[in-house]
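Enquirer: just a sequence and a predicted model for now, questions to come.
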There are 2 protein chains.
Amino acid sequence: MAAATEHALEAAEAACTLRGARLTELRREVLRLVLEAGQPVGAYALLDRLRAGRAGAAPPTVYRALDFLLEQGLIHKVERLNAFIACADAHDHAPHAGHGHAHPHQFFICGRCGDAAEIADASIAAAIAEAARRIGFRPRGATVEVEGLCAACAEAG
Amino acid sequence: MAAATEHALEAAEAACTLRGARLTELRREVLRLVLEAGQPVGAYALLDRLRAGRAGAAPPTVYRALDFLLEQGLIHKVERLNAFIACADAHDHAPHAGHGHAHPHQFFICGRCGDAAEIADASIAAAIAEAARRIGFRPRGATVEVEGLCAACAEAG
DNA sequence: CCGGTTTCCGTTACCATATAACGTGCGGCA
DNA sequence: TGCCGCACGTTATATGGTAACGGAAACCGG
């Protein structure tokens, strides 16, 4: 799947250029690592891998890059896992000030194989928006993470 | 609101007795602290307060109590904050093996005042269940946390 | 009441996640 | 040319969470 990674990197490059954001070499490298993981991956796991090519990398190195990628909507944080994963749909939604872009999305996380499927379900988003409206709450971003068994693992056992 | 805390403690006591679970003095004390906080509160904040009456308390002391309270459905974890809050509706749903009870609930977390309102919205739960069904995912538990401004803070500014 | 078993919790040590604070170099721009 | 702001290195530290072991107390079948 190296081809898919390369493609995503080029799309990210284009999106950043369009917005005047600078996808530096470091940020690009971290994004590549997140893409290559294919699953939610912890900051320190990324750090270990980053160190293969960058001797002096430290926690702030990776966290700053992750913050940038989050702001640009290129990755998401999976709160239940304290881990990060590439956005499945990074193109064409605007970045968002103040951490964590707003494009509605939901994760279905398999407890067996570790995969996290991202979807963008309008009726979930609508139900949340309606509930918020009802209590006078003004939403700025939502975390929706469902844990369970993916289709493949449910069949297997 | 000490009265409300006392009432919740007695309800918790009753629920545990009913299920054959032991709400020991330590667990009761931790539950009291969570209730008194009234907002999501971190494990180490609880630990500090616990130490007022219990000199030797250490992280495992508070985490074990929190695990118990989670299993009994008396509190929830707020993933976005790595914090814990009393369940707004602790009565009458059965406890749940394997950490984190399943009773569907959602949090609306105010970024200004820090309050977290818990609701149990059936249409959000239904939308999630339907999306899961569509992709063949077998859900075991869901985290729904909306960040934004509560009604009071939205008015204030 | 006894002895085995389980549960609870103290204690120590440690790992994992995340951020603060400060310095330096570089590129853009008046 | 001098200033400014951003990106990043570097060190230190805050915050969140567990593993592992042992002793004491509660429970239970006899």
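Expert: Ah, there it is.
Enquirer: A:Arg140 touches B:Arg112, doesn't it?
Expert: No: with contact defined as CB atoms under 8 Å, A:Arg140 and B:Arg112 do not form a contacting pair (10.6 Å). Heads up, the C-betas are built off the backbone N, CA and C, glycines and all.
Enquirer: can you list residues touching both of the two?
Expert: Taking CB atoms under 8 Å, 6 or more residues apart in numbering or on different chains as the contact rule, A:Arg140 and B:Arg112 both touch B:Leu149.
Enquirer: domains of chain A?
Expert: A:1-95, A:104-157 (automatic domain parsing).
Enquirer: so which of these gets nearest DNA strand D?
Expert: Of all those, domain A:1-95 sits nearest to DNA strand D, with 2.4 Å by CB to the nearest atom of the strand.
Enquirer: average pLDDT for that closest one?
Expert: Averaging pLDDT along domain A:1-95 gives 93.
Enquirer: using PDB, write down the CA coordinates of the longest helix out of those in chain A.
Expert: Taking DSSP state H as the criterion, chain A has its longest helix at helix A:2-19. This file holds the C-alpha atoms of helix A:2-19, laid out as PDB (Å, rounded to 0.1, in the frame of the first residue of the first chain):
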ATOM      1  CA  ALA A   2       2.900   2.300  -0.500                       C
ATOM      2  CA  ALA A   3       1.200   3.800  -3.400                       C
ATOM      3  CA  ALA A   4      -1.800   4.800  -1.400                       C
ATOM      4  CA  THR A   5       0.600   6.500   1.200                       C
ATOM      5  CA  GLU A   6       2.300   8.400  -1.600                       C
ATOM      6  CA  HIS A   7      -0.900   9.500  -3.000                       C
ATOM      7  CA  ALA A   8      -2.200  10.700   0.400                       C
ATOM      8  CA  LEU A   9       1.100  12.600   1.000                       C
ATOM      9  CA  GLU A  10       0.700  14.400  -2.300                       C
ATOM     10  CA  ALA A  11      -2.900  15.300  -1.500                       C
ATOM     11  CA  ALA A  12      -1.800  16.600   1.800                       C
ATOM     12  CA  GLU A  13       0.900  18.700   0.200                       C
ATOM     13  CA  ALA A  14      -1.600  20.200  -2.200                       C
ATOM     14  CA  ALA A  15      -4.100  20.900   0.500                       C
ATOM     15  CA  CYS A  16      -1.500  22.600   2.700                       C
ATOM     16  CA  THR A  17      -0.100  24.700  -0.200                       C
ATOM     17  CA  LEU A  18      -3.700  25.800  -1.000                       C
ATOM     18  CA  ARG A  19      -4.100  27.000   2.600                       C
END
